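Trainee: Just the structure for this:
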Amino acid sequence: MTALSSETVHASAVSINGHAILISGRPGSGKSDLALRLIDRGAVLVSDDYTIVTRSEGQLLASPPETIRGRIEVRGIGLVAMPHETAVPVALVIDIDEPVPRMPEPGITRLMADIDVPLFALSAYEASAAIKVELLLKSMTTK
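Mentor: Take a look at the predicted model:
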């Protein structure tokens, strides 16, 4: 597999049914917390806090940096080892810093490694945040 473009982004990532969801936000905004709740619902860790995204053969793949592979920081506990996946195709980006619109405009994207990725704003600490991520992914993968 030949990588054409790669960058490291400030985002946690989980895999749901073979699709990576990137969770971007500033430090302390709830990236790891939302990732942990998604993992509790069946997702698999890809990377915590920083993720390498690589464009390869027309798709964007998410992988963990070697230094944090298979670990997630759980605030109040510390670093916890977890099963993880690597080179997972990216399906969407959740931005937890942006204001959350009641009815989002369709077609908003974020450019990563020269690929536009669907972008959605959610509040990480809402009780329903993990369910909303799953609903977004389902709506995108069942079309």
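Trainee: alpha carbons only for contacts and neighbour counts from here, please
Mentor: Noted.
Trainee: and the gap between the most centrally placed residue in the chain and residue 104?
Mentor: By Cα atoms, centre = their mean, the mean C-alpha position of the chain lies nearest to residue 22, the distance being 1.6 Å. Separation of residue 22 from residue 104 (Cα to Cα, to the nearest Å): 18 Å.
Trainee: One more: residue 15?
Mentor: For residue 15, the distance to residue 104 equals 24 Å [Cα to Cα].
Trainee: Compare the two (neighbour count), which wins?
Mentor: Between residue 15 and residue 104, counted using other Cα atoms under 10 Å, residue 15 has the larger neighbour count: 26 against 10.
Trainee: Give the bridge partners for the more buried one, please.
Mentor: Assessed by DSSP bridges, residue 15 has beta-bridge partners residue 20, residue 44.
Trainee: Please name the residues that touch it.
Mentor: 21, 43, 44, 45, 46, 85, 88 (Cα atoms under 8 Å, 6 or more residues apart in numbering).
Trainee: Just the element for the residue nearest to the centre of the chain, please.
Mentor: strand 19-24 (DSSP states H and E).
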